[in-house]
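Participant: sequence and computational prediction follow.
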Amino acid sequence: MAADREKMVSEVLGAMDPSSTLVQLHLAWGGSTRGRVHIRLSPNTPAAQQFKLLCTGQTGVSYRNTKLHRVVDKGRPGEAGAVLWWSGGAATDAQFVIVTRDWEGGRVFSNVFGEVVSGLEVVRAAANHSDITQVTVVDCGIVLNQ
């Protein structure tokens, strides 16, 4: 059964245009799903490829059932609104950041591999939740009908 699923996922990914991969994260807290976040991935970058694999679970692990980690400088002057995820354990390579507003002083990330095209309000609401570590990615994957 797992081999069939892997084959199907590989076929779907192989048929997709890598220049327009759209992935989704479904966020939940307080016992209910709050919304979807759609992220357009940059084509042919290692970080985007890894993110896509972690959204599909093609390699056996995924962002499904992972938690948000923290909000940068929450409640302090210069709060960035940057939300950080991690996939658990010490796997720092699976971490990513979504910035919800401009950084003070014009700070920029040099390793950007995608852009939130819808659902940024869901990420902002999650960042405002009283305990960010209660926010969960309850589902994730690739959007086929773009």
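Facilitator: Thanks, I have it. Residues are numbered from 1 along each chain as shown.
Participant: can you pull the contacts of the residue most central in space within the chain?
Facilitator: Compute the mean C-alpha point of the chain, and by CA atoms, centre = their mean the closest residue is Leu25, 5.8 Å away. Leu25 sits next to 36-37, 39, 55, 63, 119, 137, 139-140 when contact means CB atoms under 8 Å, 6 or more residues apart in numbering. No exception for glycine: its C-beta is placed from N, CA and C like everyone else's.
Participant: between those, which is nearest Met8?
Facilitator: In terms of CB to CB, no member of the contacts of Leu25 lies closer to Met8 than Cys55, at 15.4 Å.
Participant: okay but that closest one is in contact with Tyr63, surely?
Facilitator: Yes. With contact defined as CB atoms under 8 Å, Cys55 and Tyr63 form a contacting pair (6.2 Å).
Participant: can you flag which of the contacts of Leu25 belong to helices?
Facilitator: Those of the contacts of Leu25 mapping onto helices are Cys55, per DSSP state H.
Participant: give me the buried subset of the contacts of Leu25.
Facilitator: Among the contacts of Leu25, the ones that count as buried by 16 or more other CB atoms under 10 Å are 37, 39, 55, 63, 119, 137, 139-140.
Participant: circling back: any residues in contact with both of Cys55 and Tyr63?
Facilitator: Common neighbours of Cys55 and Tyr63 (CB under 8 Å, 6+ apart) are 25, 140.
Participant: where in this protein is the helix or strand with the lowest mean pLDDT?
Facilitator: In the chain, no helix or strand scores lower on mean pLDDT, DSSP states H and E than strand 82-85, which sits at a mean of 58.
Participant: skipping adjacent residues, who's closest to Asp139 in space?
Facilitator: His26 (4.1 Å; CB to CB, 6 or more residues apart in numbering).
Participant: quick check: that neighbour vs Ile132, distance?
Facilitator: Distance of His26 to Ile132, given as CB to CB, to the nearest Å: 17 Å.
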